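Peer 1: A structural model of the following input is requested.
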Amino acid sequence: QERLVETGGGSVQVGGSLRLSCAVSGSRYCYGWFRQPPGKGREGVASIDSDGDTTYALSVKGRFNISQDKDKNTMYLQMNNLQPEDSAMYYCAAATSCLTGGFSRDLYTYWGQGTQVTVSS
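Peer 2: Model (predicted):
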């Protein structure tokens, strides 16, 4: 069983930064961040495997950074230069494997409750 708890969401202005945190067990091979804008489907944002290999959605590459502190059992998503289209509910998730170069919701077995990110102009 894996219980994931996200923190760090909030409201920022365009160009601002936020860091999301997710408390994890550290026992899964793959952890990821997904987001769901209002009225839209859930999309993959970033993932990291136990070797530290990362994958990013094209829309966030160069602006977002995913990392994991194994000593603190915490996964992070540093989000910089935030834009209105980044506004969404953000979820962390755990899987037994990462999809190389992409995201597959079906691989993720455990999900957090979500944290809201709102970017205003």
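Peer 1: Quick check, residue 46 in contact with residue 75.
Peer 2: No. Look at residue 46 against residue 75 with Cβ atoms under 8 Å: they stay out of range, at 9.7 Å. C-beta here means a position set from N, CA and C on the backbone, and glycine is covered the same way.
Peer 1: any residues in contact with both of these two?
Peer 2: 33, 66 (Cβ atoms under 8 Å, 6 or more residues apart in numbering).
Peer 1: Compare these two (neighbour count), which wins?
Peer 2: residue 75 (28 against 24; other Cβ atoms under 10 Å).
Peer 1: so that one makes contact with residue 47?
Peer 2: No. Counting by Cβ under 8 Å, residue 75 does not reach residue 47; the two are 9.9 Å apart.
Peer 1: Which neighbours do the two have in common?
Peer 2: Common neighbours of residue 75 and residue 47 are listed as 31, 33, 66 (criterion: Cβ under 8 Å, 6+ apart).
Peer 1: Next secondary structure after the helix or strand harbouring the first one?
Peer 2: With the criterion set as DSSP states H and E, the secondary-structure element containing residue 31 is strand 30-36. Later in the chain than strand 30-36, the nearest helix or strand by DSSP H and E is strand 43-49.
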